[in-house]
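**Student:** Sharing a sequence plus its predicted fold:
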Protein chains: 2
Amino acid sequence: MATAADTTPAGRRILDAAGSLFYRDGINAVGVALVADTAGVTKKTLYDRFGSKDELVVRYLRRRHEDWWAHLEERLAAAPAPRTPALMDAYLSHPRLEVERGCAFINAAAELPPGHAGWDVIREHKRAVRTRLADLIAEDAPGADAEDLAEHVFLLLEGAIAHCGIDGGEARMRTARDLATRLLRQSAGGAAG
Amino acid sequence: MATAADTTPAGRRILDAAGSLFYRDGINAVGVALVADTAGVTKKTLYDRFGSKDELVVRYLRRRHEDWWAHLEERLAAAPAPRTPALMDAYLSHPRLEVERGCAFINAAAELPPGHAGWDVIREHKRAVRTRLADLIAEDAPGADAEDLAEHVFLLLEGAIAHCGIDGGEARMRTARDLATRLLRQSAGGAAG
DNA sequence: CGTGGAATAAACCGATCGGTATACCTCTCA
DNA sequence: TGAGAGGTATACCGATCGGTTTATTCCACG
């Protein structure tokens, strides 16, 4: 019977290899043979576990979201108020999920054809970040228009993460964090729209 | 002798085909044979004009920048003050440069390997937009910290254009325009930091 | 003891990739 | 008049693509 794909040692190594290769070089530029070789696994094992490259791509995106989300919640739990800037900081502090090539989900969206199952993962990831951001802002700037402010900060965040891949550095993420912090202070101070 | 690549009718049609195909389906997913067929041209003609796919990609990016820039300046020339929101509107009004798949330059950055000549075009394009934005802001909000405000609006803009490709619509670009407009009004009103 | 899942090793499939080669046609212009 | 540029048509190249097949080994578990 088909195993849950990443419950097996080889399955995990495949997902590890796919995680770094797809992110660093792009999805279409990386062949399944390279993923298998990097994982120290035969193509047969890869196809036994994942069935197709499309499915592997979906798993790659799902895992990237789950890893990032777990890290985010961990950092948020340890962060003092205001916690909104900590969300930005979380992008800079993950030990394995680099940011040198920008946002894995925006990058995947640039490559995946319409109708690919990965689109659901991409949209759900962005929706989740956007929602979590609104929650944080509601607690950081009570009384302000949280939805309006969340959309504002979300665009700052997305612009920054996208440009990390072009600039090759994290500078713009720090800029976005500082701008968001200032917005929060202004909105907490004078709660008028 | 090698012609300037796009000075010839066939060269222009190749660039037209590459423009829509590379943008819609991604650079790596589109083969030179498809570009040639779409342009109604043989592969030989394509290689006679452009030499390699890498060079064609560079030309594609350069042309996209030039077309977009010409359109921007045209719109800016016709726009009343404040002209900063008109920059955002320009993304929505170009007759041929759609926005359904997001930003062609961010997308290309997701696909191109390090060292590819296209990177220079990408970085130069973003630098140019960022600079033009600072100029517009300096004229729209005199007295304010133009550099600081430009970076803020630039991140809003980039977040919006990246997400147009994920949402599949232009809504977020309009949101970014409205947020920028409000920022401008605030900075023009109380010029304090 | 033996069955079935997880794995390796390696060959193979048709299709497509970027790029080249050969031959021929047409038009311009010196 | 004839050379050279721009072009078509088509076949070809080696490499790689995603994916399959066959055979074999290992080991846990009933």
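**Tutor:** Noted; the coordinates are in hand. Just so you know, these numbers come straight off a predicted model, no measurement behind them.
**Student:** Quick one: name the residues of chain A near DNA strand C.
**Tutor:** Contact residues (CB under 7 Å from any atom of the strand) of chain A with DNA strand C: A:1-3, A:8-11, A:40-45, A:48-49. Where you see a C-beta, it was placed from the backbone N, CA and C, and this is true even at glycine.
**Student:** can you pick the most crowded of those residues?
**Tutor:** Of all the residues of chain A next to DNA strand C, the highest neighbour tally under other CB atoms under 10 Å in any protein chain shown goes to A:Arg49, namely 23 neighbours.
**Student:** How about the contacts made by that residue?
**Tutor:** By CB atoms under 8 Å, 6 or more residues apart in numbering or on different chains, the contact list for A:Arg49 reads A:3, A:5-6, A:8, A:10-11, A:14.
**Student:** Narrow these to those in helices?
**Tutor:** In helices, defined here by DSSP state H, the members of the contacts of A:Arg49 are A:10-11, A:14.
**Student:** Which residues of chain A lie near DNA strand D?
**Tutor:** So chain A meets DNA strand D at A:28, A:30-34, A:43-44, A:47, A:52-54 (CB under 7 Å from any atom of the strand).
**Student:** of the residues you listed, closest to B:Ala180?
**Tutor:** Closest approach between those and B:Ala180, by CB to CB: A:Asn28, at 34.3 Å.
**Student:** Tell me, how many residues neighbour A:Leu184?
**Tutor:** The burial count for A:Leu184: 20, using other CB under 10 Å.
**Student:** Test my guess that it contacts A:Ala81.
**Tutor:** No. With contacts counted by CB atoms under 8 Å, A:Leu184 stays clear of A:Ala81, the gap being 10.1 Å.
**Student:** biggest helix in chain A by residues?
**Tutor:** helix A:53-78.
**Student:** I'd like the mean pLDDT over that one, please.
**Tutor:** The predicted model assigns helix A:53-78 a mean pLDDT of 98.
**Student:** ok so, going back, which two of the residues of chain A next to DNA strand C have the greatest separation?
**Tutor:** A:Met1 and A:Gly40 (24.3 Å).
**Student:** Helices of chain A, start to end?
**Tutor:** Under DSSP H, chain A gives helices at A:9-25, A:32-39, A:43-50, A:53-78, A:84-93, A:104-111, A:118-140, A:146-167, A:171-189.
**Student:** closest one to B:Ile122 among those helices?
**Tutor:** helix A:146-167 (6.3 Å).
**Student:** what comes up buried for that closest one?
**Tutor:** A:146, A:148-167 (16 or more other CB atoms under 10 Å in any protein chain shown).
**Student:** which regions of chain A sit below the pLDDT cut-off?
**Tutor:** A:1-4, A:189-193 (pLDDT under 70).
**Student:** Compare the helices of chain A and report which one is nearest to B:Arg127.
**Tutor:** helix A:146-167 (10.0 Å).
**Student:** just checking, what packs against that closest one?
**Tutor:** When contacts are defined as 3 or more CB pairs under 8 Å, 6 or more residues apart in numbering or on different chains; DSSP states H and E, helix A:146-167 packs onto helix A:84-93, helix A:104-111, helix A:118-140, helix A:171-189, helix B:104-111, helix B:118-140, helix B:146-167, helix B:171-189.
**Student:** Kindly export it (C-alpha atoms) in CSV.
**Tutor:** Output of helix A:146-167 as CSV, limited to C-alpha atoms (Å, rounded to 0.1, in the frame of the first residue of the first chain):
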residue,chain,number,x,y,z
ALA,A,146,-7.3,46.4,11.6
GLU,A,147,-8.4,45.2,8.2
ASP,A,148,-7.1,48.3,6.5
LEU,A,149,-3.9,48.3,8.4
ALA,A,150,-3.4,44.6,7.8
GLU,A,151,-3.7,45.0,4.0
HIS,A,152,-1.2,47.9,4.2
VAL,A,153,1.4,45.9,6.2
PHE,A,154,0.7,42.8,4.1
LEU,A,155,1.7,44.7,0.9
LEU,A,156,4.8,46.0,2.6
LEU,A,157,5.7,42.5,3.6
GLU,A,158,5.1,41.0,0.2
GLY,A,159,7.0,43.7,-1.6
ALA,A,160,9.9,43.1,0.8
ILE,A,161,10.0,39.3,0.5
ALA,A,162,9.8,39.5,-3.3
HIS,A,163,12.7,41.9,-3.5
CYS,A,164,14.9,39.8,-1.2
GLY,A,165,15.1,37.6,-4.2
ILE,A,166,16.2,40.4,-6.5
ASP,A,167,18.5,42.2,-4.1
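**Student:** and the angle from that helix to helix B:171-189?
**Tutor:** If you take axes from the mean of the first three to the mean of the last three CA atoms, to 10 degrees, helix A:146-167 sits at 100 degrees to helix B:171-189.
**Student:** Around chain B, pick out the residues from chain A.
**Tutor:** A:25-26, A:28-29, A:101-103, A:105-111, A:113, A:122-123, A:126, A:151-152, A:154-160, A:162-163, A:165-166, A:172, A:175-176, A:179 (CB under 8 Å from any CB of the partner chain).
**Student:** roughly how far apart are the residue of chain A found nearest DNA strand D and A:Leu46?
**Tutor:** For chain A, the residue closest to DNA strand D is A:Gly31, as judged by CB to the nearest atom of the strand, at 2.8 Å. Distance from A:Gly31 to A:Leu46, counting by CB to CB, to the nearest Å: 11 Å.
**Student:** Pick out whichever of these two has more residues nearby.
**Tutor:** Neighbours were counted for A:Gly31 and for A:Leu46 using other CB under 10 Å; A:Leu46 has more, 23 against 12.
**Student:** In space, what's closest to that one - neighbours in sequence excluded?
**Tutor:** Nearest residue to A:Leu46, sequence neighbours excluded (CB to CB, 6 or more residues apart in numbering or on different chains): A:Ala36, at 4.8 Å.
**Student:** What about that neighbour, how many residues nearby?
**Tutor:** A:Ala36, neighbours per other CB under 10 Å, totals 21.
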